[in-house]
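**Q** sequence first, then the predicted structure, then my questions.
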Protein chains: 2
Amino acid sequence: MLTHAAEDYLKSIYKLQEKGGKVSTGILAAYLNVKPASATGMIKKLKTMKLVSHKRYQGVTLTDAGKAIALEIIRHHRLLELYLFKALGVPWDGVHEEAEKLEHVISEDVEARMDEFLGYPTADPHGAPIPDKNGVVTKIAHIPMTDLREGQSCVVAEVSDSDSALLRHLGGFNLYPGTAFGVVEVAPFEGPFTINIAGQQVVIGREVAKHVFVDNVEE
Amino acid sequence: MLTHAAEDYLKSIYKLQEKGGKVSTGILAAYLNVKPASATGMIKKLKTMKLVSHKRYQGVTLTDAGKAIALEIIRHHRLLELYLFKALGVPWDGVHEEAEKLEHVISEDVEARMDEFLGYPTADPHGAPIPDKNGVVTKIAHIPMTDLREGQSCVVAEVSDSDSALLRHLGGFNLYPGTAFGVVEVAPFEGPFTINIAGQQVVIGREVAKHVFVDNVEE
DNA sequence: TATATAATTTAGGTATGCCTAAAATAATTT
DNA sequence: AAATTATTTTAGGCATACCTAAATTATATA
């Protein structure tokens, strides 16, 4: 069995790999809030377990085995988030932190029961895809909200998680995955968006909009 | 924040203290499946934190602060057991192991939500009392099933947890807390019990009966 | 190309929590 | 009371996973 720390490293490598670009020791360390030297140490250990491949100064890559574990942890995390949200009413800006601890200790049996309770969902409360039992992720390319123009309407697909202040802010506007809105006005010079959401007109700053992704864009 | 190991030690000291008798290093170590030397080390650490008092060769005692933490962990454990059982249908012989891991990571917020969902219960699936938020345990003295005589009827109050084979065995007879049964016959020479439970007549070995406690005994 | 800067790795140290083996202390038996 | 036995504690080790500081390697600049 892997340690929690090792699982966190694999998960982080996967996520950074997804974002594209090479996953250097430094980037990984920064992401995990540890020092580069610590990341080097763990990478060495994961390498002996054949979960990552790594050439000095060249960045890390997950092996198939490593990727499978990373996806398992991510599945735990996202199912837990959704379960906490739906079954226990934990606010969406709190589920991430909670799931971060639970993902390492939940059994496959309990996970399967939560999965069933939730009706085999495919996205967590932030809209991120939940890998299936076999580690298959169905990725859908979403449109950044910042690409929207005046007069367009759409549906929120996903928002960045892990910043709970941002999530509370978005929640205040009802900007949850599945919610539809229309763009009323885009201020010039890369300014804020005025949108019509649930009958309300609200202004969303550009920095905030960068963290929102949408689907079903129509004129 | 305490480590998981430290929490386990406090919980174990509490439970052993409950059973009566002095809690020696050796007994504590055996209970936790570690060597006596390891227990000595942790006791020393807990002592510097003023969570236990300890005089060399004299056994450990929880301080008020230590007892409060022990009860908090026990509350986590038992609420989790009941939640897993009622909300997710985890079989009662599996909830202990699962709760053992979760009790150290569950937040007070999630715990409060589970408590509410369960309607502020006072006993776990094995009939053990759940301490309240303030660490108050309402203990009820139960009667050992082995004290029962022919012709008496009663209601199962509590069974020992932590031995899942035993729990599966008892579950096979419907011998859950809350279930009523009557004693049909007690075999001589400290022999087995024949009981009438849910219309069925079943034989319960004495070694098994030792782990069952009952209430509401009537002739 | 040589040098300065940045990233990475190595080396050595800390804390936790377990271990074994030996020493110290207590309890029991003769 | 003395000797044996059992328990507890001390001493020293190991693995994990972090740290800092120094050495190495790569990259960018002059």
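**A** Cool, got the structure. From a predicted model like this one, the values you see are computed outputs, not experimental measurements.
**Q** contacts only, for A:Lys67.
**A** A:14, A:135 (Cβ atoms under 8 Å, 6 or more residues apart in numbering or on different chains). In short, each C-beta sits where N, CA and C put it, glycine included.
**Q** list the buried ones in the top helix by length along chain A?
**A** Scanning chain A for the helix with the most residues, using DSSP state H, yields helix A:64-88. For helix A:64-88, burial by neighbour count (16 or more other Cβ atoms under 10 Å in any protein chain shown) applies to A:66-67, A:69-88.
**Q** would you mind identifying the next helix or strand past it?
**A** helix A:95-102 (DSSP states H and E).
**Q** remind me what that next one packs against, helices and strands.
**A** Applying 3 or more Cβ pairs under 8 Å, 6 or more residues apart in numbering or on different chains; DSSP states H and E, we find helix A:95-102 packed against helix A:64-88.
**Q** and the angle from the helix it packs on to helix B:64-88?
**A** 90 degrees (axes from the mean of the first three to the mean of the last three Cα atoms, to 10 degrees).
**Q** the strands in chain A, which residues?
**A** Secondary structure of chain A by DSSP state E: the strands cover A:52-54, A:60-62, A:143-144, A:153-159, A:180-186, A:193-197, A:200-204, A:212-218.
**Q** mind putting these into CSV with mean pLDDT?
**A** Listed next are the strands of chain A as CSV, based on pLDDT from 0 to 100:
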stretch, mean pLDDT
strand A:52-54, 96
strand A:60-62, 97
strand A:143-144, 96
strand A:153-159, 97
strand A:180-186, 96
strand A:193-197, 97
strand A:200-204, 95
strand A:212-218, 95
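**Q** got CSV for the ones you listed, with distance to B:Leu166 and mean neighbour count too?
**A** Output for those, formatted as CSV (distance: least, Cβ to Cβ, whole Å; neighbours: other Cβ atoms under 10 Å in any protein chain shown):
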stretch, distance to B:Leu166, mean neighbour count
strand A:52-54, 44, 19
strand A:60-62, 43, 21
strand A:143-144, 58, 14
strand A:153-159, 48, 20
strand A:180-186, 55, 18
strand A:193-197, 57, 19
strand A:200-204, 59, 14
strand A:212-218, 52, 19
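**Q** show the pLDDT at the spatially most distant residue from the centre of chain A.
**A** If you look at how far each residue of chain A sits from its centre, by Cα atoms, centre = their mean, the farthest one is A:Pro188, at 30.2 Å. pLDDT recorded at A:Pro188 is 94.
**Q** ok so, going back, among the strands of chain A, which is nearest DNA strand C?
**A** Distances from DNA strand C to each of the strands of chain A were compared using Cβ to the nearest atom of the strand; the minimum, 6.4 Å, belongs to strand A:52-54.
**Q** helices and strands around the closest one, which ones?
**A** Partner elements for strand A:52-54 (3+ Cβ pairs under 8 Å, 6+ apart): helix A:36-48, strand A:60-62.
**Q** how far is the longest one from where the chain is centred?
**A** Taking Cα atoms, centre = their mean, to the nearest Å, one finds the center of helix A:36-48 at 24 Å from the center of the full chain.
**Q** what parts of chain A come near DNA strand D?
**A** Proximity of chain A to DNA strand D (Cβ under 7 Å from any atom of the strand) is limited to residues A:3-6, A:8, A:32-35, A:37-38, A:41-42, A:45, A:56-57.
**Q** neighbour-wise, which of those leads?
**A** A:Met42 (23 neighbours; other Cβ atoms under 10 Å in any protein chain shown).
**Q** tell me the confidence at the nearest residue to it once chain neighbours are set aside?
**A** Leaving aside its chain neighbours, A:Met42 sits nearest to A:Tyr9 (5.1 Å; criterion: Cβ to Cβ, 6 or more residues apart in numbering or on different chains). As predicted, A:Tyr9 sits at a pLDDT of 98.
**Q** wait, A:Tyr9 sits on A:Leu46?
**A** Yes. With contact defined as Cβ atoms under 8 Å, A:Tyr9 counts as touching A:Leu46 (6.4 Å).
**Q** the more surrounded of those two?
**A** Set side by side, A:Tyr9 and A:Leu46 give different neighbour counts by other Cβ under 10 Å, the larger being at A:Tyr9 (27 against 23).
**Q** in contact with A:Met145, which residues?
**A** A:193, A:204, A:209-210, A:212-214.
**Q** closest to DNA strand D out of those residues?
**A** DNA strand D has its nearest neighbour among the contacts of A:Met145 in A:Lys210, at 26.5 Å by Cβ to the nearest atom of the strand.
**Q** number of residues surrounding the residue lying closest to the closest one once chain neighbours are set aside?
**A** Distances taken as Cβ to Cβ, 6+ apart place A:Thr146 nearest to A:Lys210, at 5.7 Å, with adjacent residues excluded. Counted with other Cβ under 10 Å, residues neighbouring A:Thr146 total 15.
**Q** my guess is A:Thr146 contacts A:Ala209. True?
**A** Yes. A:Thr146 is in contact with A:Ala209 according to Cβ under 8 Å; the separation is 5.2 Å.
**Q** that older thread, mind checking how far the residue nearest to A:Lys210 is from B:Glu97?
**A** Per Cβ to Cβ, to the nearest Å, A:Thr146 is found 48 Å from B:Glu97.
**Q** now do A:Ser153
**A** Distance of A:Ser153 to B:Glu97, given as Cβ to Cβ: 50 Å.
**Q** now A:Thr122
**A** From A:Thr122 to B:Glu97 the distance is 30 Å (Cβ to Cβ).
**Q** before we move on, what about A:Val137?
**A** Counting by Cβ to Cβ - A:Val137 and B:Glu97 are separated by 30 Å.
**Q** near DNA strand C, which residues of chain A are found?
**A** Checking chain A against DNA strand C by Cβ under 7 Å from any atom of the strand, the hits are A:24-27, A:36-37, A:39-41, A:43-44, A:54, A:56-57, A:59.
**Q** tell me the residues of chain A that contact chain B?
**A** Within chain A, the positions lying close to chain B (Cβ under 8 Å from any Cβ of the partner chain) are A:84, A:87-90, A:94, A:98, A:101-102, A:105-107, A:109-110, A:113-114, A:117.
**Q** pull the contacting residues for the residue lying closest to A:Thr138 once chain neighbours are set aside.
**A** Closest residue to A:Thr138 apart from its sequence neighbours, by Cβ to Cβ, 6+ apart: A:Pro129 at 5.9 Å. A:Pro129 makes contacts with A:78, A:122-123, A:137-140, as judged by Cβ under 8 Å, 6+ apart.
**Q** go on, A:Ser53?
**A** A:47, A:60-61, A:63.
**Q** thinking again about what came up before, from the residues of chain A next to DNA strand D, which is closest to B:Ile197?
**A** For these, the closest approach to B:Ile197 (Cβ to Cβ) belongs to A:His4, at 43.9 Å.
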